[in-house]
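**Q** take this sequence and fold it.
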Amino acid sequence: MTDPAHLHQQLLDRLTADGVLRTKPWKSAAGSVPRHEFLRGGFFRYVAGTSPSAWSPVLDTDTGWLEACYRDESLVTQIAGTVLPADIRGQIMREPTSSSTLPSLVLRMLEELHVEPGSKVLEIGTGTGYSTALLCARLGEELVTSIEYDEAVASRARAALARQDMFPTSVTGDGLLGHAASAPYDRIIATCGVRTVPAAWIEQVRPGGLILATIGGWLDSSELARLTVHDDGSASGPLLGGQVSFMLARPHLPPHLGLLPDLNDGKERQAVFGSDILADWTTRFVVQLAAPHAQRLTIERAGRTEDVLIDVASGSWAALCEDAGRWIVRQDGPEVLWDTVEEQLGRWHTAGAPALEEFTVTVTPDGQTIHW
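**A** Numbering: from 1, shown residues only. I've put the predicted structure just below:
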């Protein structure tokens, strides 16, 4: 049998060499928490070449399970809100709903949290409990509160933590509401994505404290942000870059589109930017700022491929296709959706197309803004 301690040390050495593990306290914490103990229930492996994606279970008795636990990759641990690896044989074609995040990202985020001895931390999204255990090892369980939306996921995490003799405050509930009973906190760290930073998080962090969260949207581009809470109840700070992605918090998931609009309606013109720009992560993030309620779908219609953006708030839509080397947009609704997108992209390009690390997030009682 492969030695888990050897695999663990290999992972730590790789993360140190890559500059992910930078400080001695986090190196010590990471060395004391075996990841495989938080994956005893197994995980799902993506079945290569499947569309829609298919997943097959890997149990802790299967060959290769232990080695996979110590690879720097995310491992899906729940499908469709309830299905666990032990529940099925064969394959399942449903959406993942919980996972163990790749260790390099977990530890990068913990380093970016800038904790100090005595820091009181609220973790949003317990998941398997691996990151919770790292926080306990670094700060002490009495300073760690972790909240998980899914009761079954929370129960498994508590059991895994208990096997490591760790007993932080564990709460089941809506992480977007925080946990006021243990507030104020010095730090909040979220292991789920959000579209906007909840007001409750800012209210529950002392002035000068930090919130580390991944902010994204329905066009599947997101970035890690580190916000400092101010005396006036606002919070602001930079995006940190790196194309960080988490599953969106369930209340922030997009609604079902329902019946599509008649795409033959609307006005047509030549587009300044085609939908090919949406292949770029940073550009997609900028587009999200212009159209925060838009969802994207690709359809085959009349013998050609069309990219369609539909704003679920206003009902406005834009359909783009390539024709004889140029892009054509057809749009309709109360807002001229692609015009708004092109105006935003034009401003961004005029500014020199700054990287996402040059963007600042500001959250006030009036809402959230992101600007470069």
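
**Q** can you count the residues close to residue 295?
**A** 18 (other CB atoms under 10 Å). Where you see a C-beta, it was placed from the backbone N, CA and C, and this is true even at glycine.

**Q** how close does it sit to residue 254?
**A** Residue 295 sits 5 Å away from residue 254, going by CB to CB, to the nearest Å.

**Q** between these two, what contacts are shared?
**A** Counting by CB atoms under 8 Å, 6 or more residues apart in numbering, the shared contacts of residue 295 and residue 254 are 218, 312.

**Q** contacts only, for residue 76.
**A** 43, 44, 46, 55, 96, 98, 99.

**Q** pull out the buried members of those.
**A** By neighbour count, with 16 or more other CB atoms under 10 Å, the contacts of residue 76 hold 43, 44, 55, 96, 98, 99 as buried.

**Q** which of these sits closest to residue 198?
**A** Of all the buried ones among the contacts of residue 76, residue 198 sits closest to residue 98, with 20.3 Å by CB to CB.

**Q** now the helices for the stretch 1-150 of the chain?
**A** Assigned by DSSP state H, counting those that start in this stretch, the helices in the stretch 1-150 of the chain fall at 4-17, 24-32, 65-69, 103-112, 130-139.

**Q** most packed of those helices?
**A** Most buried of the helices of the stretch 1-150 of the chain by mean neighbour count (mean count of other CB atoms under 10 Å) is helix 130-139; its value is a mean of 25.

**Q** output the contacting helices and strands for it.
**A** The contact analysis (3 or more CB pairs under 8 Å, 6 or more residues apart in numbering; DSSP states H and E) places helix 130-139 against helix 24-32, helix 103-112, strand 121-124, strand 144-148, helix 151-163.

**Q** dump these to a markdown table, plus mean pLDDT and distance to residue 250.
**A** Formatted as a markdown table, the helices and strands packed on helix 130-139 follow (pLDDT from 0 to 100; distance: least, CB to CB, whole Å):
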| stretch | mean pLDDT | distance to residue 250 |
| --- | --- | --- |
| helix 24-32 | 97 | 29 |
| helix 103-112 | 96 | 20 |
| strand 121-124 | 98 | 12 |
| strand 144-148 | 97 | 11 |
| helix 151-163 | 96 | 12 |
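
**Q** reformat these into TSV and put distance to residue 62 next to each item.
**A** Formatted as TSV, those follow (distance: least, CB to CB, whole Å):
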stretch	distance to residue 62
helix 24-32	25
helix 103-112	21
strand 121-124	30
strand 144-148	26
helix 151-163	19
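
**Q** among those, which is nearest residue 87?
**A** Distance to residue 87, taken as CB to CB, is lowest for helix 151-163 among those, at 11.5 Å.

**Q** any idea how far the closest residue to residue 47 other than its chain neighbours is from residue 247?
**A** Closest residue in space to residue 47, ignoring its immediate chain neighbours: residue 54 at 4.1 Å, by CB to CB, 6 or more residues apart in numbering. Relative to residue 247, residue 54 is positioned 18 Å away (CB to CB).

**Q** which one's more surrounded, the two?
**A** Applying other CB under 10 Å to residue 54 and residue 247 shows that residue 247 carries more neighbours, namely 21 against 17.
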